[in-house]
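Q: Predicted model and sequence follow; I will ask about them next.
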Amino acid sequence: MNHPFLPLLVMFAVASVIVVALLTVASLFGPKSTNAAKNDPFESGNPPTGDARIRFSVRFYLVAMLFLIFDLEVVFLYPWAIYFRHLGVFGLIQMGIFLVILTVGYVYVWKKGALEWD
């Protein structure tokens, strides 16, 4: 059978066998010592303080979502920059419209106070 995805399938099969073999060997021959210090949560070298289930402000999530939205919008600039010479003036106008819409959205969010961190 000469399927075009056969080498890829063989590679995934070999990688899976290697992963399972290494995990099995590590679980059989690896050290199995546990103590209280190993079971404590680790927070950047500092001893844990307080409860891990604290409530975050809604502002945190709002700023995070706005960052993701505007960050993903900027990703669309890369393909445009690569094909800039092929697109010509039409592509320049299209990207100008896109950037104006993006800027209007950013100014709207800014004026609404969504980026204020109190």
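A: Alright, I've got the coordinates. Note that this is a predicted model, so its numbers are computed, not measured. Numbering: from 1, shown residues only.

Q: how many neighbours does L77 have?
A: Burial of L77 is recorded as 13 neighbouring residues (other Cβ atoms under 10 Å). To be clear about C-beta, it is placed using only N, CA and C from the backbone, and glycine gets the same treatment.

Q: And the strands in the protein, which stretches?
A: Assigned strands in the chain: none (criterion: DSSP state E).

Q: Out of the helices and strands in it, which is least certain?
A: The helix or strand of the chain with the poorest confidence is helix 36-39; it has a mean of 76 (mean pLDDT, DSSP states H and E).

Q: could I get that one in CSV with only the CA atoms?
A: C-alpha atoms of helix 36-39 as CSV (Å, rounded to 0.1, in the frame of the first residue of the first chain):
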residue,chain,number,x,y,z
ALA,A,36,5.5,15.5,53.2
ALA,A,37,7.9,18.0,51.5
LYS,A,38,7.3,16.4,48.1
ASN,A,39,3.6,16.4,48.5
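
Q: Give the other helices and strands that that helix contacts.
A: Helices and strands touching helix 36-39, as assessed by 3 or more Cβ pairs under 8 Å, 6 or more residues apart in numbering; DSSP states H and E, are absent.

Q: Name the residues that touch it?
A: Taking contacts as Cβ atoms under 8 Å, 6 or more residues apart in numbering, no residue outside helix 36-39 touches it.

Q: which parts of that helix are buried?
A: Buried residues in helix 36-39, defined by neighbour count with 16 or more other Cβ atoms under 10 Å: none.

Q: can you check stretch 57-74 too?
A: Going by 16+ other Cβ under 10 Å, stretch 57-74 has these buried residues: 63, 66.

Q: Give me the contacts around that stretch.
A: With contacts defined as Cβ under 8 Å, 6+ apart, stretch 57-74 is touched by 102, 105-106, 109, 114-118.

Q: so how far is the least confident helix or strand of the chain from its chain's centroid?
A: On the basis of Cα atoms, centre = their mean, to the nearest Å, helix 36-39 sits 31 Å off its chain's mean C-alpha point.
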